[in-house]
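Trainee: From the sequence below, what's the structure:
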Amino acid sequence: MQVTSKLKDAGISFKSSLIMSRELKGLKVERAKRLLDDLINQKASVDGKYYTKVAKNFLNVLKSAEANARQKNLDTEKLFVKVAKTDKAAKAVRPKSRFKFRGREAKVANIEIVLEER
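Mentor: Alright, predicted model coming up:
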């Protein structure tokens, strides 16, 4: 049985979130949470970077998916990340009124995590 959790219009880089989703795919939930915690606390790195903002968003989505699994009476010890997907979100343009932003596009991405019981 599968459970899903999504986060739309997260204010993170699409490129960084794509790297993070590749790292998480196929991991057990406990190991994925440990990796994300280590990235946030800067104890581990992926390709020499910590990706703390991306890791915080992915950790929130992962915890939400785990809570959904508990709600469906799945065994949380046997869960693993089946799909960790990142998509580009709708373009968010910052207002032109501020001088330093002047209508720049904000970094926005959608995150989806699917957990499955093995």
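Trainee: need the contact list for residue 73.
Mentor: When contacts are counted by CB atoms under 8 Å, 6 or more residues apart in numbering, residue 73 touches no other residue. C-beta coordinates here come from the backbone N, C-alpha and C atoms, glycine included.
Trainee: In a helix, it, correct?
Mentor: No: applying DSSP: H, G, I helix; E, B strand; the rest coil, one finds residue 73 to be coil, outside a helix.
Trainee: Now it: phi and psi?
Mentor: In terms of degrees, to the nearest 10, the main-chain angles of residue 73 are phi 60, psi 40.
Trainee: where does it sit relative to residue 3, distance-wise?
Mentor: Shown here: residue 73 relative to residue 3, a distance of 11 Å by CB to CB, to the nearest Å.
Trainee: residue ranges with poor pLDDT in this protein?
Mentor: Within the chain, the set of residues satisfying pLDDT under 70 comprises 97-98, 101.
Trainee: where does the residue nearest the centre of it fall, helix, sheet strand or coil?
Mentor: The residue lying closest to the centre of the chain (CA atoms, centre = their mean) is residue 58, at 2.4 Å. Using three-state DSSP, the structure places residue 58 in helix.
Trainee: Surely it is in contact with residue 24?
Mentor: Yes: the pair residue 58 / residue 24 is scored as a contact, 6.7 Å apart, by CB atoms under 8 Å.
Trainee: Spit out the residues that contact those two alike.
Mentor: When contacts are counted by CB under 8 Å, 6+ apart, the set common to residue 58 and residue 24 consists of 36, 84, 113.
Trainee: Give me the buried entries from those residues.
Mentor: The neighbour-count test (16 or more other CB atoms under 10 Å) applied to the shared contacts of residue 58 and residue 24 identifies 36, 84, 113 as buried.
Trainee: which among these gets closest to residue 45?
Mentor: Checking these against residue 45 with CB to CB, the nearest one is residue 36 at 12.5 Å.
Trainee: which secondary structure elements does the helix or strand that contains that closest one contact?
Mentor: Assigning secondary structure by DSSP states H and E places residue 36 in helix 29-40. Judged by 3 or more CB pairs under 8 Å, 6 or more residues apart in numbering; DSSP states H and E, helix 29-40 is in contact with helix 14-24, helix 52-71, strand 79-88.
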